[in-house]
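A.B. asks: With the sequence up front, the predicted model follows.
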Amino acid sequence: MEFKIRHTWDGVPVMHEPVCVHLHPQTGGVMLEVTAPLFNDPPAPAGASGEPFSGLWDYEVVEAFFLNDKTEQYLEVELCPHGQHLVLLLAGRRNVWKQELPLSFQVSKGETQWEGKAYLPWSYFPPSVTRFNSFAIHGSGSRRIYEALYPVPQQELQPGQMPDFHRLEYFQPLQFSVILGDQWKQPESTLWPKPTP
């Protein structure tokens, strides 16, 4: 599955090569691959490359959200071109209940582009993922840019509205069975509580 982030959070076309997000099946999970322009703004976080970094959303980052829209349980994965990452598990909008999970994440940078590969085990995904969105952020201060794969429709924007990546109602359907086959069932997670019947 390939997705290209072509708009800002409020539906304005981006003025650069779009961020590309790929999802590939792997044994025991999913490989999340990112190819993105390198803005190098803001500068790299102070945390070590390859380690979780709290507050990574304040830096240059690409994010992927995997949602069960019935329970509002979701996985948020943040990847930084400087090698830091952040994995959050949320139960309800903005309700983080587990964070800074370990992540196998490799990154390579050129002068104008970066690529990242993160392995997401099935245990990180909430049961029955149904929807998805992806975001990219870069820039400092008044030049901060927020981009979204599925932006807020322009006819629904309110005066003074600010970017909010937890507007779950704008996420769009995602079916892993498209790449894993119709008979595929999402494995049970050892992290998430089992859904009640």
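C.D. replies: That came through, no problem. Every value quoted in this text rests on a predicted model; they were computed, and no experiment measured them.
A.B. asks: show me where pLDDT drops low in the protein?
C.D. replies: 195-197 (pLDDT under 70).
A.B. asks: ranges for the helices of it?
C.D. replies: 177-180 (DSSP state H).
A.B. asks: Any figure for the gap between the residue sitting nearest the centre point of it and residue 160?
C.D. replies: By CA atoms, centre = their mean, the chain has its centre lying nearest to residue 64, at 1.2 Å. Distance of residue 64 to residue 160, computed by CB to CB, to the nearest Å: 28 Å. Where C-beta positions appear, they are placed from N, C-alpha and C, glycine not excepted.
A.B. asks: Surely the residue nearest to the centre of the chain touches residue 32?
C.D. replies: Yes: counting by CB atoms under 8 Å, residue 64 does reach residue 32; the two are 5.8 Å apart.
A.B. asks: list the residues that contact both of the two?
C.D. replies: Residues touching both residue 64 and residue 32 by CB atoms under 8 Å, 6 or more residues apart in numbering: 21, 77.
A.B. asks: that older thread, wait, what's in contact with the residue nearest to the centre of the chain?
C.D. replies: By CB under 8 Å, 6+ apart, residue 64 lies in contact with 21, 32, 76-77, 132-134.
A.B. asks: Distance from stretch 22-35 to the middle of the chain?
C.D. replies: Relative to its chain's centre, stretch 22-35 lies at 12 Å (CA atoms, centre = their mean, to the nearest Å).
A.B. asks: related to what we said a few turns ago, which of the contacts of residue 64 fall within strands?
C.D. replies: Among these, the members found in strands (DSSP state E) are 21, 32, 76-77, 132-134.
A.B. asks: Ends of stretch 67-86, what's the gap?
C.D. replies: Counting by CA to CA, to the nearest Å, you get 17 Å between the two ends of stretch 67-86.
A.B. asks: which of the residues in that stretch are buried?
C.D. replies: The neighbour-count criterion (16 or more other CB atoms under 10 Å) identifies 67-68, 71, 73-86 as the buried residues of stretch 67-86.
A.B. asks: can you dump the C-alpha coordinates of stretch 161-169 into CSV?
C.D. replies: C-alpha atoms of stretch 161-169 as CSV (Å, rounded to 0.1, in the frame of the first residue of the first chain):
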residue,chain,number,x,y,z
GLN,A,161,-9.4,26.4,13.5
MET,A,162,-6.0,25.0,14.2
PRO,A,163,-4.4,21.7,13.0
ASP,A,164,-5.5,18.7,15.1
PHE,A,165,-4.3,15.2,14.0
HIS,A,166,-6.6,13.5,16.4
ARG,A,167,-9.8,14.4,14.4
LEU,A,168,-10.5,10.7,14.0
GLU,A,169,-13.7,11.3,12.0
